[in-house]
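Novice: Below is the sequence, then the predicted model.
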2 protein chains.
Amino acid sequence: MSELETEKIEVTENFKERGLVAKIRQPRKRRPSTDARHEDKRLLILTTAAELFSTLGYEATSLDLIAEHVGIHKATLYHYISNKESILLECLQLSFKDLDVLIEEMHNKKVCVFERLIKFASSLAIAQNNVFGRCMLLVGARPLDVYSSDEIRKFQRRLDLTVRALIEEGIADGKIRPCSPRIISSMLFGALNWVPRWYKEDSKITISEITDTFMDTMINGLRA
Amino acid sequence: MSELETEKIEVTENFKERGLVAKIRQPRKRRPSTDARHEDKRLLILTTAAELFSTLGYEATSLDLIAEHVGIHKATLYHYISNKESILLECLQLSFKDLDVLIEEMHNKKVCVFERLIKFASSLAIAQNNVFGRCMLLVGARPLDVYSSDEIRKFQRRLDLTVRALIEEGIADGKIRPCSPRIISSMLFGALNWVPRWYKEDSKITISEITDTFMDTMINGLRA
């Protein structure tokens, strides 16, 4: 089963949990040979939508506009997605892709706490500046509030708690001078979360230069 | 002339520059004795609108809702403001109130560059977490894009350039170790700009504790 198929099933189950399943059209039965093409198109739709949401805003992006940018008829769009809210939800879920693995890595105490913080920040910065990460930070879960966006908030909370735990561990080990893990975590997330608002891919600096400078300054400032 | 009157005139002139003046209803002639009351009500309308924009989002806040929360009829609202866009523009302009003075202070080289950075961050944090500052950061100028929101962008750019200049000065003086002023400025603004998204007034920490921790870590990290 491809990664995208797994995610689609997860999305459907998430909607089921919220009682939203009635709003989702069941995908039509397809011959296996068409599956890959179908998933490619689905991903193209999600990518296009994420880009439009980030650039124009969620409210200003209609399903008509998404269909037009993908180059398909709006009616065809419904073979792949059910409504605008479900597109945004999938885009936000895709922004968290691979971050579970990163959070797991942060528990490995064999690696120095500073190295883990650097790994966390650099991996998160890459995820936050791809098409889905930008959608997460520039649009966010607010348009889904009416359907409850707990899942998104819970994941953000997990990211925050991961950084707080690293800071607490560093303080306990005497590597980090006493400070508020909560405030330091918010400082790191603030700095990282703001990048998609000002960074342009064609600029002279790279995401990795940005993260290196952030972490260099921060770790220097935190070191006991 | 009261501060608010000065601001109202500035707003009108800004609209004139953009050719938007035709959209603005001329304020009715009033007896001087009613002016203070009129301005109080205007400020109440702006404050209420800024709170609603920040909480519900700009799109979800109608003029009807603003009128309802102020406790006046929608028709009465038009005695004080002309439309939703002009309310947002005024809220954003009010968020910059007093920051001109702060920017000026940053040029005073008699004060240590680190002290000036701390003053800048703590004053900005206070401004960003009042009702208009939150509106600036949670709503921003995007809804005004269609009318051109250059004035807002220009002010944000001035704030950014002020911090970059302080970092450059510190590097030139040998107080700050070599680094990219652009990236360090974005780190500081990211950390500060993010506060209104997570901070709650009833929480156990204060804005000044947050700023102190940010600046303590940052200056420790930057010091040559």
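Specialist: Here it is on my side, so go on. Numbers count the residues shown, from 1 in each chain, chains lettered A, B, ... in the order given.

Novice: Quickly note the distance from the residue nearest the centre of chain A to B:Glu59.
Specialist: Nearest residue to the geometric centre of chain A (CA atoms, centre = their mean): A:Ser95, 2.2 Å. A:Ser95 is 22 Å from B:Glu59, where distance means CB to CB, to the nearest Å. In this view, the C-beta of every residue, glycine as well, is placed from N, C-alpha and C.

Novice: ok, the longest helix along chain A near chain B or not?
Specialist: Identified as the longest helix of chain A according to DSSP state H is helix A:32-56. No - against chain B, helix A:32-56 shows no contacts by CB under 8 Å from any CB of the partner chain, the least distance being 9.3 Å.

Novice: Now do the next helix or strand along the chain from that helix against helix A:32-56, angle only.
Specialist: Next helix or strand after helix A:32-56 toward the C-terminus (DSSP states H and E): helix A:63-70. Counting by axes from the mean of the first three to the mean of the last three CA atoms, to 10 degrees, helix A:63-70 points 110 degrees away from the direction of helix A:32-56.

Novice: name the helices or strands packed onto the following helix or strand past helix A:63-70?
Specialist: The helix or strand immediately downstream of helix A:63-70 is helix A:74-77, counting by DSSP H and E. Applying 3 or more CB pairs under 8 Å, 6 or more residues apart in numbering or on different chains; DSSP states H and E, one finds that helix A:74-77 makes contact with helix A:63-70.

Novice: quick one: contacts of the helix it packs on?
Specialist: For helix A:63-70, the surrounding residues in contact (CB atoms under 8 Å, 6 or more residues apart in numbering or on different chains) are A:41, A:44-45, A:48-49, A:52, A:56, A:73-74, A:76-77, A:83-84, A:87.

Novice: near chain B, which residues of chain A?
Specialist: Contact residues of chain A with respect to chain B, defined by CB under 8 Å from any CB, are listed as A:57, A:59, A:142, A:179-180, A:182-184, A:186-187, A:189-195, A:198, A:205, A:209-210, A:213-214, A:216-222.

Novice: Among the residues you listed, which lie within helices?
Specialist: Among the residues of chain A next to chain B, DSSP H puts A:182-184, A:186-187, A:189-195, A:198, A:209-210, A:213-214, A:216-222 in helices.

Novice: Pull out the buried residues from these.
Specialist: A:182-184, A:186-187, A:189-195, A:210, A:213-214, A:216-219, A:221-222 (16 or more other CB atoms under 10 Å in any protein chain shown).

Novice: Let me see the contact set for the spatially closest residue to A:Arg164 that is not a sequence neighbour.
Specialist: In space, and not counting its chain neighbours, A:Arg164 is closest to A:Pro181: 4.2 Å by CB to CB, 6 or more residues apart in numbering or on different chains. Taking CB under 8 Å, 6+ apart, we find A:Pro181 in contact with A:Val163, A:Arg164, A:Ala165, A:Ile167, A:Glu168, A:Ile171.

Novice: swap in A:Arg142?
Specialist: When contacts are counted by CB under 8 Å, 6+ apart, A:Arg142 is found next to A:Ser149, B:Gly57.

Novice: if we can go back for a sec, okay, the angle between the longest helix of chain A and helix A:181-198?
Specialist: Going by the same axes, to 10 degrees, helix A:32-56 makes 90 degrees with helix A:181-198.

Novice: So what touches helix A:32-56?
Specialist: Contacts with helix A:32-56, where a contact means CB under 8 Å, 6+ apart, come from A:2, A:4-5, A:8, A:30, A:61, A:65-66, A:69-70, A:72, A:77, A:79-81, A:87-88, A:90-91, A:94, A:131-132, A:134-135, A:138-139, A:196.

Novice: Give me the subset of the residues you listed lying in helices.
Specialist: A:4-5, A:8, A:65-66, A:69-70, A:77, A:87-88, A:90-91, A:94, A:131-132, A:134-135, A:138, A:196.

Novice: Could I have the buried ones of these as ChimeraX selection syntax?
Specialist: A single ChimeraX command selects the buried members of those (16+ other CB under 10 Å):
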select /A:4,8,66,70,77,87,88,90,91,94,131,132,134,135,138,196
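
Novice: What residues of stretch A:146-154 count as buried?
Specialist: A:Tyr147, A:Ser149, A:Glu151, A:Ile152.

Novice: What's the separation between the second one and chain B?
Specialist: Put plainly, it is A:Ser149. Between A:Ser149 and chain B the computed distance is 13 Å (CB to the nearest CB, to the nearest Å).

Novice: show me what contacts that residue?
Specialist: A:Leu92, A:Ala141, A:Arg142 are the contacts of A:Ser149 under CB under 8 Å, 6+ apart.

Novice: how about a markdown table for those residues, with pLDDT and distance to B:Ile118 added?
Specialist: Formatted as a markdown table, the contacts of A:Ser149 follow (pLDDT from 0 to 100; distance: CB to CB, whole Å):
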| residue | pLDDT | distance to B:Ile118 |
| --- | --- | --- |
| A:Leu92 | 93 | 37 |
| A:Ala141 | 88 | 34 |
| A:Arg142 | 83 | 33 |
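
Novice: Out of these, flag the one nearest to chain B.
Specialist: A:Arg142 (6.3 Å; CB to the nearest CB).

Novice: Low-confidence stretches in chain A?
Specialist: When residues are selected by pLDDT under 70, those of chain A lie in A:1-33, A:148.

Novice: hang on, the earlier thing: of the contacts of helix A:63-70, which is the most crowded?
Specialist: Ranked by neighbour count (other CB atoms under 10 Å in any protein chain shown), the contacts of helix A:63-70 have A:Ala49 at the top, with 27 neighbours.

Novice: how far away is it from A:Val195?
Specialist: Note on A:Ala49: its distance to A:Val195, by CB to CB, is 22 Å.
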